[in-house]
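>>> coordinates for the following, if possible.
(chains A and B)
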Protein chains: 2
Amino acid sequence: MNDQDAIRKLIDDRVTAMRNRNGRAAVAGLARDIVAFEVAGPLTAPAAQVTDAVATQAWLNSFDGPIDVDIAELAIHVSGDVGFAHSIHTLRGTHKDGTTLDLRMRSTLGFRKLDDQWKIVHAHTSVPR
Amino acid sequence: MNDQDAIRKLIDDRVTAMRNRNGRAAVAGLARDIVAFEVAGPLTAPAAQVTDAVATQAWLNSFDGPIDVDIAELAIHVSGDVGFAHSIHTLRGTHKDGTTLDLRMRSTLGFRKLDDQWKIVHAHTSVPR
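This next block holds a predicted model:
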């Protein structure tokens, strides 16, 4: 698999993990020391929290049924052991308490190839203020 | 100059251009087809608008005195002809109408080396919602 395809697979695997509400798979592509700028504050989310499979699973479990993630306008740039990607994500789901999530957001991901494996070392997700 | 330094210079040149309220210099490092996710909506800002030196100059002219830009927690990843950087920016200034801008935001930039020159092909700036 070439690097472009490997990064695309990393992105698709996360979407599948969200859809299947699999916490461990959802964080598998993240570097332990990821610098994450998330939709909600603080400015930078603690890496230990972002990569925590148990906390991610708890969040996924708050949904009733699958979480639908749609990725549009995806562009991937890669050279050597560095890459980045940007896209527009639509996230839709219904929480067990009946509230719904329906969010269009911007996503930028930064990648590094470490030990011959691509990892997400930076994630920036936002909605316009 | 190595690539890391060239990208650092591109970032510093933009800060200097903002501080000096120089619209042309502020957009000089941007690729014509930049994909820009800005603090305020829409989801994606039109590239023609983002790279417009005249519009940028008009915005800079709305400030009374220099605009102070502070960059913290900067990390630059680069390999071959692709790079990305992330940081926390503090933007401070006073508009001519007396209102002040004092904004801490997250910045991610994506770079490509085109014709032996680094350009910003992607910019994602946000505040947590």
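
>>> any idea how far A:Ala31 is from A:Asp5?
20 Å (C-beta to C-beta, to the nearest Å). Using the backbone N, CA and C atoms, a C-beta is placed for each residue, glycine as well.

>>> between those two, point out the one with more neighbours.
A:Ala31 (19 against 11; other C-beta atoms under 10 Å in any protein chain shown).

>>> surely the more buried one forms part of a strand?
Yes: using DSSP: H, G, I helix; E, B strand; the rest coil, the assignment for A:Ala31 is a strand.

>>> ok, now which ones touch it?
Contact analysis of A:Ala31 by C-beta atoms under 8 Å, 6 or more residues apart in numbering or on different chains lists A:51, A:112, A:114, A:119-121.

>>> which of these are close to chain B?
A:112, A:121 (C-beta under 8 Å from any C-beta of the partner chain).

>>> inside strands: which ones of the contacts of A:Ala31?
Using DSSP state E, the subset of the contacts of A:Ala31 located in strands is A:112, A:114, A:119-121.

>>> could you identify the most distant pair in those?
Based on C-beta to C-beta, the longest span within the ones in strands among the contacts of A:Ala31 runs between A:Leu114 and A:Ile120 and measures 10.8 Å.

>>> what about A:Ala26, how many residues close to it?
Neighbours of A:Ala26 (other C-beta under 10 Å): 24.

>>> now do A:Arg8
As a burial measure, A:Arg8 scores 16 neighbours (other C-beta under 10 Å).

>>> which SS class is the residue positioned nearest the centre of chain A?
The centroid of chain A falls nearest to A:Arg14 when counting by C-alpha atoms, centre = their mean (5.9 Å). At A:Arg14, secondary structure determined by three-state DSSP is helix.

>>> do stretch A:79-91 and chain B meet at all?
Yes: using C-beta under 8 Å from any C-beta, stretch A:79-91 reaches chain B at A:79-84, A:86, A:88.

>>> buried by neighbour count, from those: which ones?
A:81-84, A:86, A:88 (16 or more other C-beta atoms under 10 Å in any protein chain shown).

>>> is it possible to get a markdown table of the residues you listed that adds pLDDT, distance to A:Trp59 and secondary structure?
Shown next, in a markdown table, are those (pLDDT from 0 to 100; distance: C-beta to C-beta, whole Å; DSSP: H, G, I helix; E, B strand; the rest coil):
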| residue | pLDDT | distance to A:Trp59 | secondary structure |
| --- | --- | --- | --- |
| A:Asp81 | 98 | 31 | coil |
| A:Val82 | 98 | 30 | strand |
| A:Gly83 | 98 | 27 | strand |
| A:Phe84 | 98 | 25 | strand |
| A:His86 | 98 | 24 | strand |
| A:Ile88 | 98 | 22 | strand |
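
>>> nearest to B:Thr56, of those?
Relative to B:Thr56, and with distances defined as C-beta to C-beta, the nearest of these is A:His86, at 21.6 Å.

>>> which residues in chain A form helices?
Under the criterion DSSP state H, chain A contains helices at A:3-19, A:23-27, A:47-50, A:53-61.

>>> sorry, back to before: wait, the residue nearest to the centre of chain A sits on A:Gly23?
No: at 11.6 Å, A:Arg14 and A:Gly23 do not qualify as touching, with contact defined as C-beta atoms under 8 Å.

>>> can you list the residues of chain A near chain B?
Taking C-beta under 8 Å from any C-beta, the part of chain A that reaches chain B is made up of A:35, A:37-44, A:73, A:75, A:77-84, A:86, A:88, A:104-106, A:108, A:110, A:112, A:121-122, A:124, A:126-129.

>>> at 6 Å what do you get?
Residues of chain A lying close to chain B (C-beta under 6 Å from any C-beta of the partner chain) are A:35, A:37, A:39-41, A:43, A:77, A:79-82, A:84, A:86, A:88, A:106, A:108, A:110, A:122, A:124, A:126-129.

>>> which ones among those map onto strands?
The strands, defined by DSSP E, take in A:35, A:37, A:77, A:79, A:82, A:84, A:86, A:88, A:106, A:108, A:110, A:122, A:124, A:126 from the residues of chain A next to chain B.

>>> which of those lies closest to B:Asp64?
A:Ser126 (29.3 Å).
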